[in-house]
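**Student:** Could you work out the structure for the sequence below:
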Amino acid sequence: MSGPQPKPFECPEPVFWYLVGLIATDGCLLEKNWLVNITSKDRSLLVQIQQAVHSRGWISTTRGSSGNPAYRWELKSKVLWNKLVQVGLTPRKTLTIGALAVPDSMFKEFFRGVIDGDGNIRCWKHPTNGRTQWAVRIVGCSKPFFQWMQETIHRLWRVEGVLHEEAPKPATRHTKYTLKYGKIAAKVILAECYYAGALALDRKRVLAEQCATSVVGWSKSKTVGDPERWRSWKYGHVFLHPPARALPKSNDIDPAAGLVAERIPLWRAGVAKLGETHWA
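**Tutor:** As a prediction, the model looks like this:
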């Protein structure tokens, strides 16, 4: 006579693939007792997860990698554990994780989980032209995993990113990889991943929405290959100070444009005048 069967793990498919991205970066699988856990300094995110999986699992207080207070959501589920292994996740995955079996239709859910886990959304003002700059960065230690994400993003969204490699330091002993998408590429990715009603870390959702609705200052981009994305975007030039009327001498650096100033038309210099000009 067989023993009690494990309860089926049920949750909406977008929630499951978000969890895959979050576990791939900020979570782990423990072979003992089929335990799945996610650690975060944002308890509100773990509460959202608990609610999304029908109040299963428990939340406890712990310490993050830096020693600061953090929280951990844990769930004992053989069904979920095996499902995550089938996708490609494993215990002690930090250095070994590679390509995962994520459906194309669910990649935006997965990558939002990755950003919420080990990602960073940065926003700052350019010191010379006054434009708001954006960047999305993901940090980790497995090159195959980062190469797979970079290739998938390019294939699905026609967006280019840069994969940086940092040599091991004595304290870490592991090579660190950073996948970075800047400016317009970040706008595309964040608009795809953070949509209304999606399960997400609140503070990153706010930044993502700001980036997705931000003004664009250029009509062309070397990092975004789909021109259709530009049609609905708002354009405008923003400068810290009105540009001087007199052109600088030849071969001088124009601090407002960041280009070598020459007496040539703007269209020949590759600079597009778009929309309104705003003075900050």
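**Student:** For the stretch 51-200 of the chain, just list every one of the strands.
**Tutor:** 58-63, 69-76, 119-125, 132-140, 162-166, 176-182 (DSSP state E, counting those that start in this stretch).
**Student:** Of these, which is nearest Lys32?
**Tutor:** For those, proximity to Lys32 was assessed by CB to CB; strand 69-76 is nearest, at 10.0 Å. In short, each C-beta sits where N, CA and C put it, glycine included.
**Student:** That closest one to strand 58-63, inter-axis angle?
**Tutor:** Put simply, strand 69-76 runs at 140 degrees to strand 58-63, going by axes from the mean of the first three to the mean of the last three CA atoms, to 10 degrees.
**Student:** Quick one: list the elements packing against strand 69-76.
**Tutor:** strand 35-40, helix 43-52, strand 58-63 (3 or more CB pairs under 8 Å, 6 or more residues apart in numbering; DSSP states H and E).
**Student:** Return the set of buried residues in it.
**Tutor:** 70-76 (16 or more other CB atoms under 10 Å).
**Student:** same deal with stretch 109-120?
**Tutor:** 109-119.
**Student:** of these, closest to Val47?
**Tutor:** Asp116 (14.0 Å).
**Student:** what's around the residue nearest to that closest one when sequence neighbours are not counted, how many residues?
**Tutor:** Of all residues not flanking Asp116 in the chain, Leu201 sits nearest, at 4.2 Å (CB to CB, 6 or more residues apart in numbering). The number of residues packed near Leu201 is 23, by other CB atoms under 10 Å.
**Student:** what's the span of stretch 211-224 from first residue to last?
**Tutor:** End-to-end distance for stretch 211-224, by CA to CA, to the nearest Å: 15 Å.
**Student:** who's in contact with it?
**Tutor:** Stretch 211-224 is contacted from outside by 121, 123, 129, 131-132, 134, 158-161, 181-188, 190-191, 194, 230, 233-238, 272, 274-275, using CB atoms under 8 Å, 6 or more residues apart in numbering.
**Student:** Please tell me how far it is from the chain's geometric centre.
**Tutor:** 17 Å (CA atoms, centre = their mean, to the nearest Å).
**Student:** and the spatially closest residue to Thr61 that is not a sequence neighbour, what pLDDT?
**Tutor:** Nearest residue to Thr61 in three dimensions, chain neighbours excluded: Tyr71, at 6.1 Å (CB to CB, 6+ apart). The confidence metric pLDDT takes the value 93 at Tyr71.
**Student:** do you know how far Ile23 is from Lys78?
**Tutor:** Going from Ile23 to Lys78 by CB to CB, to the nearest Å gives 16 Å.
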